[in-house]
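K.L.:
Fold the following and give me the result.
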Amino acid sequence: MYNGLLHLHNVLRWVILVLLLVALIQAMTKKIGIKKTSLWLMIAAHTTLILGFYQWYSGGQGLNLIRNLGFSEVMKDNVHRFFAVEHFAGMLIAIILITIARGKAKLLKYKAAFWFYLIALLIILVSIPWPFRAGIGRPWFPGM
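P.N.:
A predicted model of the protein is given here:
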């Protein structure tokens, strides 16, 4: 079950990135369709967050790792620190920004929505375990 949820979490990363880019373009060009895109983006982000919380709590690279090794040991290792702290915190902040941007998009405040989406995108890009990142990389697509 854990492996399947990890794959779903990985697939939803692409959904979020695509919807985030569409929402950014819509905010930049002041398209009315931003309301619907921002809603789907927020749903995908919150679903991914719930899956991530479950994986952090029940998996081997989150809370259990901190319990077993201790927080100071986790912080000394780059890979452990990334999954137990950096990925978790970065994505949580990005999803909060996406939620704020959704509120701005609903009110058709395009400029504010654009900046919140842009900052969220940058945080997400830094917090994703891309395949080229040594030690922490995950495959582009599940099962590869």
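
K.L.:
what about I136, which SS state?
P.N.:
Following DSSP: H, G, I helix; E, B strand; the rest coil, I136 is assigned to coil.

K.L.:
Number of residues surrounding it?
P.N.:
I136 sits with 18 neighbouring residues when counted by other C-beta atoms under 10 Å. To be clear about C-beta, it is placed using only N, CA and C from the backbone, and glycine gets the same treatment.

K.L.:
ok, it - contacts?
P.N.:
Contact analysis of I136 by C-beta atoms under 8 Å, 6 or more residues apart in numbering lists 78-79, 82-83, 129.

K.L.:
hmm, 10 Å instead?
P.N.:
61, 78-83, 86-87, 128-130 (C-beta atoms under 10 Å, 6 or more residues apart in numbering).

K.L.:
What subset of those is buried?
P.N.:
Among the contacts of I136, the ones that count as buried by 16 or more other C-beta atoms under 10 Å are 61, 80-83, 87, 128-129.

K.L.:
Pull the most distant pair out of those.
P.N.:
H80 and I128 (17.3 Å; C-beta to C-beta).

K.L.:
Report the separation between N10 and L49.
P.N.:
Relative to L49, N10 is positioned 14 Å away (C-beta to C-beta, to the nearest Å).

K.L.:
With V22 instead?
P.N.:
Relative to L49, V22 is positioned 20 Å away (C-beta to C-beta).

K.L.:
Spatially, what comes nearest to the residue nearest to the spatial centre of the chain if we skip its sequence neighbours?
P.N.:
Nearest to the mean C-alpha position of the chain, by C-alpha atoms, centre = their mean, lies M91 at 4.1 Å. Leaving out its chain neighbours, the residue that sits closest to M91 by C-beta to C-beta, 6 or more residues apart in numbering is S127, at 5.3 Å.

K.L.:
Tell me how many other residues crowd the one you found.
P.N.:
By other C-beta under 10 Å, 18 other residues sit near S127.

K.L.:
just G60 next, same as before
P.N.:
For G60, the neighbour count with other C-beta under 10 Å is 11.
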